[in-house]
Structures are given as C-alpha cells and as structure tokens.
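Asker: Curious how this folds, go ahead:
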Amino acid sequence: MSKVSLAGNASGIGIFTIASPNSNTDRTLTLPDNTGTLVTTASTGTVTQAMLASNVATNGPAFNAYRSTNQSVTSATWTKVEFNAEDFDTAGAYDASTNYRFQPLVAGYYSIQFAVACYSGAFTAVLARLYKNGSGTNIQAFNYSATSNVLDDWGVGASTMIYMNGSTDYLEVYGFSISATPEFNSGGTWFSGFLARSA
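Answerer: Got it, this is the predicted structure:
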C-alpha cells in the first residue's frame, strides 16, 4: 500500500489545508509515478501547461493545404501557388479562396513545409520558393537540367522554421517552371505548417 507523507516547512507556521471541491461528486487526484513538483498559482489555484513549461506551443495554429486541380501557369515566370483546398486548418489562419496565404494570429516559431509538382513535357527547370510578407526568402528548392528533359512530372520541396509576429506576417509559396505548357500538379503540390514554439 502506498504511503502519503506531508512534510512541514521548518521556518513557517502557516496551516496547510487540502480543501475538497464544492460538489456532491467524488473526485480523485491521480499523481504520476515519477518525482517532481506540482506548481499552482496563488491567483487561481489552477495548474496549467504554461506553468509547467514555458514557451510550449500547446494547441497553436496548424494547417495543411493543397491543389485540388492542376493550376496552369506561364513558363519562366514566378507564380503564386494557389493551394485551394485544405485537409485541416485548426485556427482558420490559411486563406484557401482569395490570397492563398498563411497568416497566423499567434506569435512564435513555425515549422513550414511545401512542395510543388509540375506536369508537362520537356522540362528544363522547376523551382519553388517561400515568400514572407510578399518578398522571397532564401528558402528555395529547385530541379534543373541543362538540356530538355522528357519526364512528365517534376517536383521540388523544402522545409524550414520561421518566426511569425502573430499579426501582420504572412507566408505564400511561389513556383517557377520552364516548360512548354507548365502546370502545378494537384497530385503533389501542398503547403503545411504548425506552431512549434510560442514567442
């Protein structure tokens, strides 16, 4: 049988009280089988995850968007990828109908991934680049051939960690393809991210 021990503070004379909730229902406090300190706040008496660990992402914004159909684009021209469908968007931070951008309202460091697949014949280059606030970043992926390549599908992708201020910052993905009739393919063009650490 487990034992319960209350250790007093030698320098204090205050009374330690365990108060039951104002309820007719039985309650059970189950402690984990490891050492540690249970911390509460004097203002609310409630233990929260924020008290147990600082800068925890908890249930911050997360999304995964993709192309539901092929997107026709102009050869050798940087074009915004219109990720027009979503698997999920926990905070409504991705716009899948107008601006095709991710603009979270929680400041912090985000894990971002994207891929652009192109469909056509005779490719010589496919590139994809992450844009922040309308400007291209150094996060870029590319596939290039010095001669025309007859493969039907080319794809590129990248991932990064990036800081977002939680108000005005937004992210978009642009693609670039040199081909006779380039398209961003619905089969492998996607954009996802989540809050990895709060600010």
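
Asker: Quick check: next helix or strand after the helix or strand of the chain with the lowest mean pLDDT?
Answerer: Taking mean pLDDT, DSSP states H and E as the measure, the chain has helix 49-52 as its least confident helix or strand, at a mean of 48. Going down the chain from helix 49-52, the next helix or strand is strand 62-66, by DSSP states H and E.

Asker: tell me which residues in that next one are buried?
Answerer: Buried residues in strand 62-66, counted by 16 or more other C-beta atoms under 10 Å: 62, 63, 64, 65, 66. For every residue, glycine as well, the C-beta is placed using N, CA and C.

Asker: Report the two of those separated the most.
Answerer: 62 and 66 (14.6 Å; C-beta to C-beta).

Asker: in this protein, which spans are strands?
Answerer: Assigned by DSSP state E, the strands in the chain fall at 62-66, 71-72, 79-80, 85-89, 108-119, 123-132, 135-149, 153-164, 171-178, 183-184, 190-198.

Asker: where among those strands is the average confidence lowest?
Answerer: Among the strands of the chain, strand 135-149 carries the lowest mean pLDDT, at a mean of 80.

Asker: can you give me phi and psi for the closest residue to residue 74 other than its chain neighbours?
Answerer: Once flanking residues are discounted, residue 74 sits nearest to residue 182: 7.7 Å by C-beta to C-beta, 6 or more residues apart in numbering. Backbone geometry at residue 182, expressed as degrees, to the nearest 10, gives phi -70, psi 150.

Asker: any idea how far residue 182 is from residue 116?
Answerer: Distance of residue 182 to residue 116, given as C-beta to C-beta, to the nearest Å: 10 Å.

Asker: Which one of the two is surrounded by more residues?
Answerer: Neighbour comparison, residue 182 and residue 116: the larger count goes to residue 116, with 31 against 27 (by other C-beta atoms under 10 Å).

Asker: Bridging across strands, which residues link to the more buried one?
Answerer: Going by DSSP bridges, residue 116 is paired in beta bridges with residue 156.
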